[in-house]
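**Student:** Starting from these lines, generate the structure:
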Amino acid sequence: MGDVLSQNEIDNLLNALTSGELDADEIKNNKEKPVKNYDFARPSKFSKEHLRTMEIIFEHYGRLLSTNLPIFLRKNIQVEVMNSEAVTYMEFSNSLSNPVLLGVVDFSPLEGNIIVEMASNLGFAMVDRMLGGEGEPLDKIRDFSEIELLLIERVMTSCVDLLREPWENVLDVHPRLERIETNSQFAQIISPSEMIAIVTVNIKIGDVEGLMNVCLPFITLEPVMDKLNTKFWYSSQKEKAGENYSETVEGLISHAKIPVTAVLGNSTITVADFSQLQVGDIVRLDTKVDQELDVFVGDIKKFQALPGASGKDYAVRVTQIIREEQ
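**Tutor:** Sure, this is the predicted structure:
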């Protein structure tokens with residue numbers, strides 16, 4: 001039940017409505033805003049915009065994986081980003097089962113580490129494929145041997161190195177695989193109550209399918225959180241894409257090999273004379289010694305030049321550039 005107004009308060013309210021100081025419709029529409037409960041044990045540090053931007057980054061990462069992993073496994077690889085979510089590190093670690101493949105990655109220049117968790121069946125399939133098998137996982141999960149971990153480390157190191165390109169629009173990172181843990185208890189990189197973003201990627205190696213989770217702690221990404229929005233990411237990508245495209249085209253053109261031909265002159269002789277030509281014979285051309293020669297780039301007449309020598313080699317000196325309109 002609402003508060004009861006005194007007669008004096010009622011008179012003041014009526015006077016305010018009469019004078020126009022208060023608007024009855026405005027009072028009627030002025031509803032109280034709902035209060036949202038805030039969980040201090042699980043603060044919301046990653047917005048939907050942050051998570052969506054990370055999905056875009058890892059979609060790029062997935063394309064790199066699908067083109068680079070076949071180098072090691074010699075098999076078709078399909079990669080798809082499933083989803084992203086914000087949870088506490090405790091929830092992530094409690095969901096892991098042993099044995100597990102956890103790659104602890106140094107994410108310099110950002111402080112702290114990120115974790116790349118790969119499904120065990122993917123690890124065994126990779127080992128089987130690299131040792132000449134069909135890439136089939138084990139029927140019964142067991143601990144990884146030292147040799148198997150060394151083979152998996154090679155693949156995971158390559159996967160970690162590929163993280164640099166997708167993140168370059170946000171920051172020039174230099175990820176490095178520090179170690180691989182097979183027990184989740186030895187990968188406590190942050191406090192259990194800290195918030196993390198998890199990006200889940202589905203990897204399919206032939207007929208074997210498994211998940212790879214990338215764990216990104218908030219304390220590691222905090223310095224670049226303002227850059228994790230789609231507007232900034234797309235604008236940076238557009239600028240860099242334009243620069244990279246121009247540089248790439250210039251680089252390809254600069255290494256292209258094209259034929260350049262200088263035509264000394266023309267002459268008409270009989271087939272009989274042509275068949276009897278020998279070293280030392282003189283063929284009279286229709287050009288003079290001091291006359292400019294036509295120089296062709298491919299099939300296009302591009303330059304005028306004078307004949308000469310450069311050291312022991314014959315050469316021409318360009319005297320005129322023929323423009324397209326000429």
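
**Student:** Please enumerate the strands of this structure.
**Tutor:** 77-88, 101-108, 113-118, 174-181, 195-205, 208-217, 260-263, 293-297, 300-310, 313-321 (DSSP state E).

**Student:** From the chain's centroid, how far away is the third one?
**Tutor:** By that I understand strand 113-118. Here the centre of strand 113-118 is set off from its chain's centre by 18 Å, with C-alpha atoms, centre = their mean, to the nearest Å.

**Student:** Give the other helices and strands that it contacts.
**Tutor:** Packing partners of strand 113-118 (3 or more C-beta pairs under 8 Å, 6 or more residues apart in numbering; DSSP states H and E): strand 101-108, helix 146-161, strand 208-217. (C-beta placed from N, C-alpha, C; glycine too.)

**Student:** repeat that for 6 Å
**Tutor:** The contact analysis (3 or more C-beta pairs under 6 Å, 6 or more residues apart in numbering; DSSP states H and E) places strand 113-118 against strand 101-108, strand 208-217.

**Student:** repeat for the fifth one
**Tutor:** Helices and strands touching strand 195-205, as assessed by 3+ C-beta pairs under 6 Å, 6+ apart, comprise helix 48-73, strand 77-88, strand 208-217.

**Student:** List the buried residues for the first one?
**Tutor:** The reference is to helix 48-73. 50-51, 53-58, 60-62, 64-66, 69, 72-73 (16 or more other C-beta atoms under 10 Å).

**Student:** cool, the second one as well?
**Tutor:** By neighbour count, and taking 16+ other C-beta under 10 Å as the criterion, the buried residues in strand 77-88 are I77, V79, V81, S84, A86, V87, T88.

**Student:** cool, the shortest one as well?
**Tutor:** Taking 16+ other C-beta under 10 Å as the neighbour-count basis, strand 208-217 is seen to contain the buried residues V208, G210, M212, N213, V214, C215, L216, P217.

**Student:** before we move on, back to that, would you reformat the helices and strands packed on strand 195-205 as CSV and include mean pLDDT and distance to T200?
**Tutor:** What follows is those, written out as CSV (pLDDT from 0 to 100; distance: least, C-beta to C-beta, whole Å):
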stretch, mean pLDDT, distance to T200
helix 48-73, 87, 9
strand 77-88, 89, 4
strand 208-217, 90, 5
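
**Student:** so which of these comes closest to E247?
**Tutor:** E247 sits nearest to helix 48-73 of all the helices and strands packed on strand 195-205, at 19.1 Å, using C-beta to C-beta.

**Student:** Okay, angle between that closest one and strand 195-205 too, please.
**Tutor:** Here helix 48-73 points in a direction 30 degrees away from that of strand 195-205 (axes from the mean of the first three to the mean of the last three C-alpha atoms, to 10 degrees).

**Student:** coming back round to it: closest to S310 out of the buried residues of strand 77-88?
**Tutor:** So of those, ranked by how close each gets to S310 (C-beta to C-beta), first place is I77, at 53.1 Å.
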